[in-house]
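>>> Build me a model:
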Amino acid sequence: MSFAPAAVKGSFDRDGYIYLPGFLSPEETGVLNRKIERFIAERIPVMKAGHYFYEDKNDPSTLKQMQDLEKYDDWFLSMAVNSRFSEIAETLLGEPVTCKTVEYFNKPPVIGKATPPHQDGYYFMLQPQQALTMWLALEPVDEENGCVKYIRGSHLKGMRSHGRTATLGFSQGIVDFGTAEDQAEEVAFPSQPGDLLVHHSLTIHRAGANTTADRTRKAMGLIYWGESAKEDKEAKERYMEQLAKEREKV
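Sure, this is the predicted structure:
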């Protein structure tokens, strides 16, 4: 799929997100799904603890999330670097970018929990917040199995207050979410395989639980930081240490 750089950047700057339907063709999406299946079978046994999570750690079919796929498989590195994805990231941020991680997400049927409303920038701890996240559907996604929802224009209003959540992989959520403005500006994005969503690191977003009996909700994520973004490493280390302690209690 081709895109008009000026048009998508204007939409991104205004709304805090863009939607590119059919970014990957059915054939490309099929290849990607097969690569993920192979990765799950071959790489999880050698992945570091904390790089993958299950909704039920005693049930491998409930795999919820994998992080840093590009560090374990060069195919995913080539997907993220000097690629169509990084080209869009540079267009939207207006500067060279670095891919920080390639991720996999799933919401298993029945037990796939809701993703709390949050801003990715809270986790990134950057100054300035020159970063974005890409979310690529691998299968049909709708309200029933947990489509992504954005608060339009929320990236222009700074960081909201976050607090601890019980959702594995999303430890922080916005504590005062649900205002009249949040409700008025929320936009849901049911998606088909190969559709791409991209949002700014300050854009508020969430996703519902998977309430279906037999459908998964699989997707890829790619995170890019602009070259001007600098991480508060001490604050990030303190946060990660605290998170590790809390995970030990689960």
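>>> quick one: low-confidence parts of the protein?
Along the chain, segments meeting pLDDT under 70 span 1-2, 168-171, 239-240, 242-250.
>>> element containing the most centrally placed residue in it?
In the chain, the C-alpha closest to the average C-alpha coordinate belongs to Gly221, at a distance of 4.5 Å (CA atoms, centre = their mean). Per DSSP states H and E, Gly221 falls inside strand 219-226.
>>> top helix in the chain by residue count?
When the chain is scanned for its longest helix (criterion: DSSP state H), the result is helix 26-43.
>>> burial count for Gln192?
Neighbour count for Gln192, taken as other CB atoms under 10 Å: 14. C-betas here are computed from N, CA, C, even on glycine.
>>> Give me the nearest residue to it, chain neighbours excluded.
Excluding the flanking residues, the one nearest Gln192 by CB to CB, 6 or more residues apart in numbering is Pro140, at 5.9 Å.
>>> Quick check: the gap between that neighbour and Leu132.
Per CB to CB, to the nearest Å, Pro140 is found 24 Å from Leu132.
>>> and Met134, what are its bridge partners?
With DSSP bridges as the criterion, Met134 is bridged to Val198, Leu222.
>>> What about it, how many residues nearby?
Using other CB under 10 Å, the number of residues around Met134 comes to 26.
>>> Leu222 is in contact with that one, correct?
Yes - look at Met134 against Leu222 with CB atoms under 8 Å: they come within range, at 4.3 Å.
>>> Overlap in contacts, these two.
Common neighbours of Met134 and Leu222, using CB atoms under 8 Å, 6 or more residues apart in numbering, are Phe85, Ala89.
>>> Tell me which other helices or strands the longest helix of the chain touches.
Applying 3 or more CB pairs under 8 Å, 6 or more residues apart in numbering; DSSP states H and E, one finds that helix 26-43 contacts strand 63-66, helix 74-80.
>>> Looking at Pro140 and Leu132, which is more packed in?
Set Pro140 next to Leu132 and count neighbours by other CB under 10 Å: Leu132 wins out with 28 against 15.
>>> close enough to count as contact, that one and Leu197?
No - counting by CB under 8 Å, Leu132 sits too far from Leu197 to count as a contact (10.4 Å).
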